[in-house]
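Peer 1: Below is the structure, and that's it, no one-letter string:
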């Protein structure tokens with residue numbers, strides 16, 4: 001429903017609990033394929049996603065205003081940040097997967113980026129586009145693993 005008018009925006013069917021497991025299996029298979037994709041291809045895909053936020057800004061702004069009750073300036077901010085999140089995620093594809101950390105102990109300490117795997121996102125009303133893109137484009141810092149040896 002459009003908050004300003006109460007008009008229906010679209011008709012959707014709701015997923016049932018039994019739909020979750022097959023959807024997660026499909027997403028996991030796609031994630032494995034994505035992980036095997038060369039980093040320069042992943043970079044191109046994520047850059048293209050960022051470009052689309054800019055190229056389709058007029059249409060997306062309209063949907064953000066209608067769907068979330070946003071104002072155009074706020075929607076423009078969300079579109080800009082969403083594009084930047086995609087560009088930042090694109091840059092991560094070619095960065096080292098971890099780093100060696102300084103340690104006083106006689107051991108090797110390092111971090112390693114690991115995929116979060118399949119995620120489900122419930123986007124809050126206050127910044128739905130930013131928070132959705134931020135959840136699925138790059139791996140969040142909480143998904144970094146630290147190892148000592």
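Peer 2: Yes, it's here. Note that the structure is predicted; figures quoted are calculated from it, not measured.
Peer 1: For the chain, which element, helix or strand, carries the lowest mean pLDDT?
Peer 2: Least confident helix or strand of the chain, by mean pLDDT, DSSP states H and E, is strand 144-148 with a mean of 45.
Peer 1: Give me the pLDDT value at residue 105.
Peer 2: Note on residue 105: pLDDT of 86.
Peer 1: Report the separation between it and residue 111.
Peer 2: 16 Å (C-beta to C-beta, to the nearest Å). Backbone N, C-alpha and C define where each C-beta goes, glycine included.
Peer 1: what do you get for residue 86?
Peer 2: For residue 86, the distance to residue 111 - C-beta to C-beta - is 23 Å.
Peer 1: who's more crowded, the two?
Peer 2: It is residue 86, of residue 86 and residue 111, that has more neighbours when counted by other C-beta atoms under 10 Å, with 23 against 16.
Peer 1: The closest residue to the more buried one other than its chain neighbours: which element?
Peer 2: Excluding its sequence neighbours, the residue lying closest to residue 86 (C-beta to C-beta, 6 or more residues apart in numbering) is residue 50, at 3.4 Å. For residue 50, the element it lies in under DSSP states H and E is helix 39-55.
Peer 1: Now find how far off-centre the helix or strand just after that helix is within its chain.
Peer 2: Note on helix 39-55: by DSSP H and E, the next helix or strand toward the C-terminus is helix 57-68. For helix 57-68, the separation from the chain centroid amounts to 19 Å (computed by C-alpha atoms, centre = their mean, to the nearest Å).
Peer 1: can you list contacts of helix 57-68?
Peer 2: Outside helix 57-68, the residues within contact range by C-beta atoms under 8 Å, 6 or more residues apart in numbering are 2-4, 9, 53, 70-72, 74-76, 78-79, 125, 128-129.
Peer 1: Let's see the ChimeraX selection covering just the buried ones among the residues you listed.
Peer 2: Buried residues within these, by 16 or more other C-beta atoms under 10 Å, are selected in ChimeraX with:
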select :53,70,74,75,78,79,128,129
